[in-house]
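K.L.:
take a look and give me a structure for this.
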Amino acid sequence: MPSDLPIHLPLENASNLRDLGGWPTADGRFVRTGLVFRAPALVGLSDADERTVAALGIRTVCDFRGVRESARNPVHIPGAAAHEKLPIEPSVGASLKDIMRTGVATGHVSAGEMLELLREAYQAYALQSFPQYRAMFARLLSQDGLPLLMHCSAGKDRTGFGAALLLTALGVAWDDVMADYLATNRLWRREIPNALELPPVVKDTLLTAHATLLTSAFSAVNGAYGAVDAYLERAIGLDARGRADLQARLTL
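P.N.:
A predicted model of the protein is given here:
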């Protein structure tokens, strides 16, 4: 993993805003900078934060939050012309308020049990929520879709899988894909409402990016489609030409 990656864009009132550029690809190219960003929900930004985000020139926002999540905390990205709502409704690990309301976080759930629930959520991202990711890829390939920002609530799970899928499609090595995913653990300050009300074992498991979860999502893809390339073509809509177009747009 290159020592200067991922590219983190510091903010005062939020964390884990990143440029997905810079990663090397298997054929000797690099993902372009300034075109695709990942983040948590950017709410409560300071004036300085607003200027930092505005300077990115984002044209498209892909919001993976569920309907109630996005209604509770509207996100406004300065200058964005399109705000694509691609709701992946929250399950375990996506909305702490909903988890508490449904009684999952009772203090009687072990770390192992929580991890298994999270694993099921990740597999669902891959096998059930692919239409939302397919829509994001369509925006990446559209004439006016870039620069693009993808986000959910924490910028960890739904966004984490989306970013991993994109980097994989661009030919980034798995170790680097995983390094980008796990960087959340050192860059995200865990700005989540009511996080302190959770039992410690539940809180820590939910607010951590776990390598086994991303691996499980891609294992589910391989199990259902035989290979990631087949998944990208059949579920995401990236045939050989589309993938070549994506790589031409986003790598150099």
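K.L.:
quick one: buried residues of the longest helix seen in the chain?
P.N.:
For the chain, the longest helix by residue count, based on DSSP state H, is helix 111-127. Using 16 or more other Cβ atoms under 10 Å as the test for burial, helix 111-127 gives M114, L115, L117, L118, R119, A121, Y122, Q123, A124, Y125, A126, L127. C-beta coordinates here come from the backbone N, C-alpha and C atoms, glycine included.
K.L.:
tell me the least confident of these?
P.N.:
Ranked by pLDDT, the buried residues of helix 111-127 bottom out at M114, which has 80.
K.L.:
I'd say that one and V202 touch.
P.N.:
Yes. At 5.9 Å, M114 and V202 qualify as touching, with contact defined as Cβ atoms under 8 Å.
K.L.:
going along the chain, name the strands of the stretch 51-200 of the chain.
P.N.:
With DSSP state E, counting those that start in this stretch as the criterion, the stretch 51-200 of the chain has strands at 60-63, 82-85, 148-151.
K.L.:
may I see the ones you listed organised as CSV, with distance to L11 added?
P.N.:
Formatted as CSV, the strands of the stretch 51-200 of the chain follow (distance: least, Cβ to Cβ, whole Å):
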stretch, distance to L11
strand 60-63, 16
strand 82-85, 19
strand 148-151, 13
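K.L.:
low-confidence ranges in the chain?
P.N.:
1, 92-109, 193-198 (pLDDT under 70).
K.L.:
helix/strand/coil for G223?
P.N.:
helix (DSSP: H, G, I helix; E, B strand; the rest coil).
K.L.:
burial of it, as a residue count?
P.N.:
Number of residues near G223 (other Cβ atoms under 10 Å) recorded here: 11.
K.L.:
about what we covered before: so which elements touch the longest helix of the chain?
P.N.:
With contacts taken as 3 or more Cβ pairs under 8 Å, 6 or more residues apart in numbering; DSSP states H and E, helix 111-127 sits against helix 158-169, helix 200-206, helix 211-225.
K.L.:
redo those as CSV? Include distance to S3.
P.N.:
As requested, those are exported to CSV (distance: least, Cβ to Cβ, whole Å):
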stretch, distance to S3
helix 158-169, 18
helix 200-206, 27
helix 211-225, 20
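K.L.:
most tightly packed of the ones you listed?
P.N.:
helix 158-169 (a mean of 24; mean count of other Cβ atoms under 10 Å).
K.L.:
what angle separates that one from helix 211-225?
P.N.:
60 degrees (axes from the mean of the first three to the mean of the last three Cα atoms, to 10 degrees).
K.L.:
ok, now which ones touch D245?
P.N.:
Applying Cβ atoms under 8 Å, 6 or more residues apart in numbering to D245 gives the contacts L141.
K.L.:
can I take it that it is in a helix?
P.N.:
Yes. Applying three-state DSSP, one finds D245 inside a helix.
K.L.:
look up how far A48 lies from it.
P.N.:
Applying Cβ to Cβ, to the nearest Å, the value for D245 to A48 is 37 Å.
K.L.:
for S91, same thing?
P.N.:
35 Å.
K.L.:
how much does the longest helix of the chain deviate in direction from helix 158-169?
P.N.:
Going by the same axes, to 10 degrees, helix 111-127 makes 60 degrees with helix 158-169.
K.L.:
need the nearest residue in space to the residue sitting nearest the centre point of the chain, chain neighbours excluded.
P.N.:
By Cα atoms, centre = their mean, the mean C-alpha position of the chain lies nearest to T159, the distance being 1.3 Å. For T159, ignoring the flanking residues on the chain, the nearest one in space by Cβ to Cβ, 6 or more residues apart in numbering is C152 at 4.7 Å.
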